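1. Fold the following.
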Amino acid sequence: MHPSLIIARKEFRAAFRNRLFLTITLLFLGLSILSVYIGSTTKRAEMRIYNETVTSLQAEGVAVIPPAPEIHTLTILSNLTEYVAIVGAILAVILGYNALIEEKESGGLKLILSRPVYRDQLLIGKLLGNTAVIACLLGLVFVFNLVLLVVIGGIFPTFGEVVRLFTFTIMALAYMLIFLSLAMLLSIRLNNAATVFLISLVVWVLLSFVVPQMADAMMTNSSVVNSISGVINQIPQETAVSQAINYLSPTWHLRNIGGELLQFAPGSGAISAGTLVGHTLAVLLVLLAPTALFIAAGFAVFQRNETLVLES
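-> Residues are numbered from 1 along each chain as shown. All right, here's what the predicted structure looks like:
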């Protein structure tokens, strides 16, 4: 077997022996159950209120009945976007920073590299192994949510809805790879596990929360007068600056495409298939770009690191 595949298999097995990783994984699955339960309960409540309203109007002899609320099946899974953005990113950081830092601190990395294993083979193996772990986890979440929709929600998704959910799973994988590759780069560059973990989390917080908040601060408010009540409402509107700032946040991209794929964003139900495919491919490229940059930087730093040579 190729050395990279042997290392990948070892990384895959090691991840599922990590108690912290397993704990957060179980939390992720538990949140999925809660999300489907809350979403299906909300959907039933909305339909019950609508039916009661229709019954009341018909009893009063009202001829014009308001249309039923537009509720899409995948809207029930809308919280999945936030779970991936938060819990998924933390899982990726844990995998990335564990990839090399423990072996560096123990001196085991020098011993590995003293054997007939090239540095690029080692990194490729670790990257493949941890990517397989994330893909396996997201695949489990994908199947888990489909089963929950049937068991808890009493809903059988259509083929198109299954494709949408699977596409979102691919986007989640691309998103999590950003933080996996970032943590791996930092573990190559730095020698302290706590520092690597802390910096990775700080970068995640900046990209996921600080940058979007900065974009919100750059928005303009338009005054709109309610024609019925006469109340003046302030509606935030994006500017070129706020859009440019948001573009720097992978979490913003994930939330946007998640809203379109899972159909909980306003107007997402009217988006054509061609437009949705175009948006999805564009966001996928945007999410893969920083991953490619971090991986390339990691390989460059790792190949030139002379401190990893075992002294004779």
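2. Count the neighbours of the residue nearest to Ala85 when sequence neighbours are not counted for me.
-> Residue nearest to Ala85 in three dimensions, not counting chain neighbours: Thr251, with 4.9 Å by C-beta to C-beta, 6 or more residues apart in numbering. No exception for glycine: its C-beta is placed from N, CA and C like everyone else's. When neighbours are counted by other C-beta atoms under 10 Å, Thr251 registers 22.
3. CA atoms of the helix or strand containing Thr251 as PDB?
-> For Thr251, the enclosing helix or strand under DSSP states H and E is helix 250-261. Extracted in PDB, the C-alpha atoms of helix 250-261 (Å, rounded to 0.1, in the frame of the first residue of the first chain):
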ATOM      1  CA  PRO A 250     -16.600  31.800   4.500                       C
ATOM      2  CA  THR A 251     -19.300  31.500   7.100                       C
ATOM      3  CA  TRP A 252     -21.300  34.300   5.300                       C
ATOM      4  CA  HIS A 253     -21.000  32.300   2.100                       C
ATOM      5  CA  LEU A 254     -22.100  29.100   3.800                       C
ATOM      6  CA  ARG A 255     -25.200  30.700   5.300                       C
ATOM      7  CA  ASN A 256     -26.200  32.300   2.000                       C
ATOM      8  CA  ILE A 257     -25.900  29.100   0.000                       C
ATOM      9  CA  GLY A 258     -27.500  27.200   2.800                       C
ATOM     10  CA  GLY A 259     -30.500  29.500   2.800                       C
ATOM     11  CA  GLU A 260     -30.900  28.800  -0.900                       C
ATOM     12  CA  LEU A 261     -30.300  25.100  -0.900                       C
END
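4. Which residue ranges of the stretch 201-312 of the chain form strands?
-> With DSSP state E, counting those that start in this stretch, the ranges of strands along the stretch 201-312 of the chain come out as 220-225, 232-237.
5. mean pLDDT lowest for which of these?
-> Per-segment mean pLDDT for those reaches its minimum on strand 220-225, at a mean of 48.
6. which intervals of the stretch 51-200 of the chain have sub-threshold pLDDT?
-> For the stretch 51-200 of the chain, the stretches flagged by pLDDT under 70 are 68-71, 105-117.
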